[in-house]
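In: I need the structure of the sequence given here:
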Amino acid sequence: MRGRVFTGVGEGARYVSLPPYKEAFKRKLGFDPYPGTLNVRVLPEYVPFLKKLKSSGHFIPRFIVDGTEYGWVRCVPARVGDYPAAVLVIEKTVHGPDVLEIIAPVKLRDALGLRDGDEIEVEIECDA
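Out: Numbers count the residues shown, from 1 in each chain. Okay, the predicted model is just below:
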C-alpha cells in the first residue's frame, strides 16, 4: 500500500505511551513502540481495503485511566522499509478513512529520512 507522509495533530506520542496500550502493543507485536505514530495518507484506491482492517489484527479493548475512557484499538502487523511496524485501527480518531497511523520500534521519520510529502510503501500483514 502506498501513501504520503504528513504531520498529524501531535497526540500519537501521548496515546502510544499510555501503559495499557504500550504494554499491549509490546505483548501482541513483540516490540516496544516508539512514542509516536507515523501518519500516512493513502492513495484513494486503498481506502476500501482500509475499511476491512477493522476486523483484522490484534484487538486491544477500551479502558479507563483517571476517569477518562480510551477507545479500542486494533494493531495490524506491517512493515515499513526494513522495520517491523503495525497499522493502528483506532475507535476514536480525528483522521479520515484514508489515513494510516503506524507504530514501530523506531522513529520511522528519522530511521528512513522521511519528510512530509514523501511517498512510502507500507506492507500490511493481514488477510483483509
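
In: What pairs with the helix or strand hosting Glu101, parallel or antiparallel?
Out: According to DSSP states H and E, Glu101 maps onto strand 99-103. Partners of strand 99-103 in the sheet, by DSSP bridges, are strand 38-42 (antiparallel), strand 83-90 (antiparallel).

In: Distance from the chain centre to it, please.
Out: How far strand 99-103 lies from its chain's middle: 3 Å, per Cα atoms, centre = their mean, to the nearest Å.

In: Residues touching the next helix or strand after it, excluding its own?
Out: Next helix or strand after strand 99-103 toward the C-terminus (DSSP H and E): helix 108-111. For helix 108-111, the surrounding residues in contact (Cβ atoms under 8 Å, 6 or more residues apart in numbering) are Val5, Tyr34, Leu38, Val80, Gly81, Tyr83, Ala85, Ile102, Ala104, Leu114, Arg115. Using the backbone N, CA and C atoms, a C-beta is placed for each residue, glycine as well.
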